[in-house]
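Student: turn this into a structure:
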Amino acid sequence: MTELDDAVELAPYHDEPAQLPSGAPGKRGVLRLGFERRGDRTILADLHRQAPLLVQQALYWDEAMPGLACVFIITTSGGLLQGDRHTIRVRLAEHAQAHLTTQSATKIQQMDANYAAQTQDIALEEGAYLEYLPDPVIPYRNSRYITRTRVSLPESATMLYAEIILPGRKYHRDSELFGYDLFSSTLRVARPDGRELFVEKFVVEPGRFPVDRCAVMAGFHVLANVVLLTSAARAERVIDQVPVTFGAADPVVAGVSRLPNGAGLIYKVLGADSEPVRAAVRDFWALVRREIVGVPLAPAFSWR
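Tutor: From the prediction side, this is the model:
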């Protein structure tokens, strides 16, 4: 049992799979990452992994930030399966700088019982900087997925966090547009002394409440939810430069808002396909890099 098992939206999905029971060995992935600053470089000083989650080592591919520890999170099972329970813990020591991403899109496989769950606990210390930008999540038909992310950071630290959610396998031979059962995501952010800054939760159940309608997705298929956690002063430098797009000729609809309690900014993007949405997120990321760190964003890898 996990703390997510009590979520109201999971009530219909507590039946056990006919194969391995939920949370069995091989279905309980664990990942612990600890980053520390050593001279002019951040190193991956603490690494614990349990299949199907895997991290191999920190890489240093960013020429503009040569000391930035870049890490791929790998799922060796090829996605999340019914009954999977994953836990990821990330800590950045003082002035550490890290970039986390995934090796590919996170695929939530089709399910006939139970659900998949992932919890993430992220703690930043003074002056730390983290980019956590995984590839999109693709919930397949009849999948059920719940995630909870909890972040603790001081005002001097900065974290850029993004979720990009696709509607299913849009160009599959049998289109899966909004064919999943449940997608639930919660982000909770607090200061190290426990003072809560904000909580955001969205629950999507297309079978109960159709999302392809006015005031929800209304013709759009892809959602990006990007959160910049930083000081109010740094957030103001960023928000003044973020374009708001809401025209018929624009490939996406996007806008930015201030988060409560001086926590930073939230940037949301809607699009019909993933590439324009990812491009808008990358533009926002480049702006954050320039204003917060003072360096340009390197060109995207052609294979990403």
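Student: pretty sure Phe72 sits in a helix.
Tutor: No: counting by DSSP: H, G, I helix; E, B strand; the rest coil, Phe72 is not found in a helix; it is strand.
Student: just the pLDDT for it.
Tutor: pLDDT, Phe72: 97.
Student: if I look at the residue nearest to it when sequence neighbours are not counted, how far off is Pro299?
Tutor: Leaving aside its chain neighbours, Phe72 sits nearest to Gln103 (4.9 Å; criterion: CB to CB, 6 or more residues apart in numbering). In this view, the C-beta of every residue, glycine as well, is placed from N, C-alpha and C. Going from Gln103 to Pro299 by CB to CB, to the nearest Å gives 20 Å.
Student: tell me if I'm right that Gly34 and Asp46 touch.
Tutor: Yes: here Gly34 reaches Asp46: they are 2.9 Å apart, a contact under CB atoms under 8 Å.
Student: who's more crowded, the two?
Tutor: Gly34 (17 against 13; other CB atoms under 10 Å).
Student: for that one, give me its contacts.
Tutor: Residues counted as contacts of Gly34 (CB atoms under 8 Å, 6 or more residues apart in numbering) are Leu44, Ala45, Asp46, Leu47, Val90, Arg91, Ala93.
Student: and the end-to-end length of stretch 206-219?
Tutor: Chord length of stretch 206-219, first to last residue, is 14 Å (CA to CA, to the nearest Å).
Student: residues in contact with that stretch?
Tutor: Contacts of stretch 206-219 (CB under 8 Å, 6+ apart): Pro167, Leu177, Phe178, Gly179, Tyr180, Asp181, Val204, Leu223, Leu270, Ala272.
Student: common neighbours of Gly34 and Asp46, please.
Tutor: Arg91.
Student: hang on, the earlier thing: what would the contacts of stretch 206-219 look like in CSV with pLDDT and distance to Gly67?
Tutor: Output for the contacts of stretch 206-219, formatted as CSV (pLDDT from 0 to 100; distance: CB to CB, whole Å):
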residue, pLDDT, distance to Gly67
Pro167, 94, 38
Leu177, 90, 43
Phe178, 93, 42
Gly179, 93, 44
Tyr180, 96, 40
Asp181, 97, 44
Val204, 95, 39
Leu223, 96, 33
Leu270, 95, 36
Ala272, 92, 39
